[in-house]
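Novice: have a look at this prediction, sequence included:
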Amino acid sequence: MKLIGKFDIRELAERFGTPLYVYDKEKIVANYNKLYLSFSRYFKKFSIHYSVKANSNIHILEVLRSLGAGADCSSPFELRLALLAGFKPEKIVYTGNYESLEDLEYVSQHNVSINLDDITSFWRLKKVTNPEFVSFRVNPGIGKGGFEGITTGGADAKFGVPYEMLYQAYSDAKASGVKRFGIHIMTGSNILEPFYFAEVLEKLMRISGRIFKELQIKPEYIDIGGGLGVPYTDEDMELDIETSVRLLSEVFFEYIERYDLGLPELKIEPGRFLVANAGYLVCKVTGIKNGYKKFIGLDAGMNILIRPALYGATHRVKIYGKDGVVQMVQICGQICENSDILGKNVPVPEIVEGDIAIFLDVGAYCFSMASSYNGRPLPAEVLVDDNSVMEIRRRQTFEDFVSSMILTHLD
């Protein structure tokens with residue numbers, strides 16, 4: 001591998017330094033268009049809200065806003081970023097959990113749709129405003145994810161109103177004067193099975209349809225969250241989006257007709273699907289150790305790419321200008337933790353110090369979870385587009401690192 005888009009990776013590394021996150025705008029655009037076209041074949045009323053948590057660089061947000069996407073935010077800072085990137089309030093949904101009074105007070109001031117995580121969330125919201133619109137996030141009792149840590153539905157999940165309590169949630173909200181409603185579900189992330197989304201939607205519709213009919217509620221939207229997966233290994237099958245959407249539409253229209261729910265808008269909140277495969281982490285080999293195992297040390301560690309340590313996630317690795325497999329190695333960083341292993345038993349060609357290593361599919365949940373642990377600076381980020389390269393975040397400096405510390409007492 002030598003190129004990202006039309007740009008030589010070694011030249012990017014020399015110009016901007018390593019470690020370095022590089023994003024390919026053309027891939028983001030292609031991912032969005034693919035998703036939009038699939039949904040537009042089956043739904044007249046739908047909206048795509050990019051999940052800001054996946055990658056919150058404001059330049060990435062601007063790319064997706066320019067394509068017509070809305071935003072899905074999970075904190076006041078994410079909401080502020082979305083507004084700063086130019087998203088209109090009516091194009092923003094807010095889906096938090098264990099929301100504080102301060103969070104709800106700030107969010108309620110901006111006229112965005114709020115998906116509440118619990119009945120108690122509603123009563124906290126009532127303390128700061130008198131909402132006209134309410135949507136609850138449902139835990140349907142089932143969930144799935146590419147890894148246990150990203151499963152967000154089921155008995156062990158911390159998210160959503162248990163489905164047995166959903167009637168009480170909507171009944172209480174309606175009795176309190178709420179006139180308009182929606183509903184939200186999100187049971188897991190990085191799903192590659194096309195049948196799964198329709199199965200979850202069917203359970204949601206079976207649960208909520210009867211409740212809405214009895215309470216005479218016609219929801220304005222049904223928000224099925226995100227979870228659309230991407231392959232992280234050569235063995236993974238790409239998600240069949242066309243089949244996923246077709247099956248969703250069959251369930252959606254069957255149940256809104258069965259329970260006379262009108263024609264609610266379908267909302268989706270993809271993050272990973274839109275940006276994961278557009279991201280690359282470019283780093284340099286700093287040391288090679290022949291110990292009990294062979295370790296290839298990089299200038300990027302778990303502070304820069306935490307998914308392998310946090311979830312046991314896998315990212316494919318390429319070596320600049322080299323092909324073939326001659327050895328199996330452990331790839332690690334410079335962090336003082338034994339969990340700082342970015343790849344276990346990775347097949348690679350012959351490697352020497354100074355080689356450039358490139359991690360694939362790091363556009364989502366990578367920089368957004370990075371830290372300066374061990375005093376290692378956050379990397380720069382660049383966006384490539386056709387014949388242009390733009391630095392969209394400069395590398396963290398020591399002055400940045402200490403800028404929020406109180407230093408006035410020091411001599």
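Specialist: Structure's in. What do you need?
Novice: what's the distance between the residue most central in space within the chain and Ile256?
Specialist: Taking Cα atoms, centre = their mean as the criterion, Ala54 is the residue nearest the geometric centre of the chain, at 3.0 Å. To Ile256, Ala54 is 29 Å away according to Cβ to Cβ, to the nearest Å. The way it works is simple: take the backbone N, C-alpha and C, and place the C-beta from them, glycine included.
Novice: check Val128 too.
Specialist: According to Cβ to Cβ, Val128 stands 32 Å off from Ile256.
Novice: out of the two, which sits in the busier spot?
Specialist: Neighbours were counted for Val128 and for Ile256 using other Cβ atoms under 10 Å; Ile256 has more, 20 against 16.
Novice: you'd agree the more buried one is up against Gly262?
Specialist: Yes - taking contacts as Cβ atoms under 8 Å, Ile256 lies within contact range of Gly262: 7.0 Å.
Novice: what sits against Tyr320?
Specialist: Counting by Cβ atoms under 8 Å, 6 or more residues apart in numbering, Tyr320 touches Met1, Lys2, Ile9, Arg10, Asp355, Ile356, Ala357, Ile358.
Novice: my error: substitute Pro76 in the last question.
Specialist: The neighbourhood of Pro76, defined by Cβ under 8 Å, 6+ apart, consists of Glu102, Asp103, Tyr106, Val107.
Novice: pLDDT value on the nearest residue to the residue nearest to the centre of the chain once chain neighbours are set aside, please?
Specialist: Computed as Cβ to Cβ, 6 or more residues apart in numbering, the closest residue to Ala54 that is not its neighbour in sequence is Gly271, at 2.9 Å. For Gly271, the model assigns a pLDDT of 97.
Novice: neighbours around Gly271, how many?
Specialist: For Gly271, the number of neighbouring residues by other Cβ under 10 Å comes to 24.
Novice: distance of it relative to Gly262?
Specialist: Taking Cβ to Cβ as the measure, Gly271 falls 29 Å from Gly262.
Novice: give me the three-state assignment for Lys213.
Specialist: Following DSSP: H, G, I helix; E, B strand; the rest coil, we place Lys213 in the helix state.
Novice: that one and Glu254: what is the separation?
Specialist: Relative to Glu254, Lys213 is positioned 14 Å away (criterion: Cβ to Cβ).
Novice: please compute how far the helix or strand harbouring Leu104 lies from its chain's middle.
Specialist: Taking DSSP states H and E as the criterion, the element that holds Leu104 is helix 101-108. For helix 101-108, the gap between its own C-alpha mean and the chain's C-alpha mean amounts to 22 Å (Cα atoms, centre = their mean, to the nearest Å).
Novice: now swap in stretch 383-400 and tell me
Specialist: In terms of Cα atoms, centre = their mean, the centre of stretch 383-400 is found 21 Å from the chain centre.
Novice: which residues touch it?
Specialist: Outside stretch 383-400, the residues within contact range by Cβ under 8 Å, 6+ apart are 4-7, 12, 15-17, 22-26, 57-60, 63, 372, 377-382.
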